[in-house]
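Q: Sequence and predicted structure, then a few things I'm wondering about:
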Amino acid sequence: MTTASAPSTRAGAVTKESVQQLLAKYSSTYDSSDPAYFGLFAHDATFFVLSSPTRIDSREEFQRMFSLPKGTARRSQLLSPEIRLLGDAALVSLHCHVAVDDVQQYTRETLVVTRDTHGELRISHLHISPQDMPGAPESPAKGAEEISVLEERTATAAATVGTPK
């Protein structure tokens with residue numbers, strides 16, 4: 001017994017290369033404030049973003065809440081993207097550095113990439129969370145006694161070894 005299957009509208013398997021191309025468009029359209037940025041998302045995409053305290057449940061709602069003002073000097077870098085292929089989908093995790101004018105921001109992002117009914121790759125879920133950049137650890141303040149002891153030890157060592165000629 002054979003079963004007939006319905007023709008598929010899919011344009012092939014999700015590949016790392018196709019996801020990398022989508023990520024390049026994601027970054028370039030964001031940086032240039034191109035309205036095509038919103039077209040990269042599925043109509044029913046869900047979003048957890050920094051500017052909303054709750055989940056956003058559609059591309060249209062996201063577009064209403066999130067503006068891409070023209071003329072803003074915005075530069076984003078998608079850092080260390082990891083693409084995991086999961087059958088007909090891909091899970092992407094990355095760090096992102098965004099500079100808007102003189103303000104710098106570091107985030108962690110997770111994207112779920114799927115194909116729409118026309119076979120085009122779309123982002124069906126986006127989760128962005130802030131990432132604090134680690135700073136140099138603060139060293140405890142040194143007391144005057146500790147500095148004096150260190151200076152004495154350095155002087156003793158130099159006297160014992162001598163100075164190069």
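A: That came in fine, so what should we check first? Numbering: from 1, shown residues only.
Q: Now the nearest residue to residue 44 once chain neighbours are set aside. Its backbone dihedrals?
A: In this structure, residue 44 finds its nearest non-sequential neighbour in residue 58, 6.1 Å apart by CB to CB, 6 or more residues apart in numbering. The C-beta positions use only the backbone N, C-alpha and C, and glycine is treated the same way. Main-chain dihedrals, residue 58, degrees, to the nearest 10: phi -160, psi 160.
Q: Let me know whether residue 58 touches residue 38 as I believe.
A: No - contact criterion CB atoms under 8 Å: residue 58 and residue 38 do not qualify, at 10.8 Å.
Q: ok so, going back, contacting residues for the residue nearest to residue 44?
A: Residues in contact with residue 58 (CB atoms under 8 Å, 6 or more residues apart in numbering) are 43, 44, 45.
Q: Whichever of those end up buried, select them in ChimeraX.
A: Here is the ChimeraX selection string for the buried members of those, based on 16 or more other CB atoms under 10 Å:
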select :45
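Q: Among the contacts of residue 58, which ones are in strands?
A: In strands, defined here by DSSP state E, the members of those are 43, 44, 45.
Q: Distance check, the second one against residue 72.
A: Okay, so that is residue 44. 28 Å (CB to CB, to the nearest Å).
Q: ditto for the last one
A: The span separating residue 45 from residue 72 equals 23 Å under the rule CB to CB.
Q: Tell me where the chain has helices.
A: Assigned by DSSP state H, the helices in the chain fall at 16-31, 36-39, 59-65, 144-161.
Q: list the contacts for residue 41?
A: Contacts of residue 41 (CB under 8 Å, 6+ apart): 59, 62, 122, 123, 124, 126.
Q: For those residues, give me a markdown table that also has pLDDT, distance to residue 87 and neighbour count.
A: Below are those laid out as a markdown table (pLDDT from 0 to 100; distance: CB to CB, whole Å; neighbours: other CB atoms under 10 Å):
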| residue | pLDDT | distance to residue 87 | neighbour count |
| --- | --- | --- | --- |
| 59 | 97 | 23 | 21 |
| 62 | 97 | 26 | 19 |
| 122 | 98 | 16 | 20 |
| 123 | 98 | 17 | 20 |
| 124 | 98 | 14 | 19 |
| 126 | 98 | 20 | 20 |
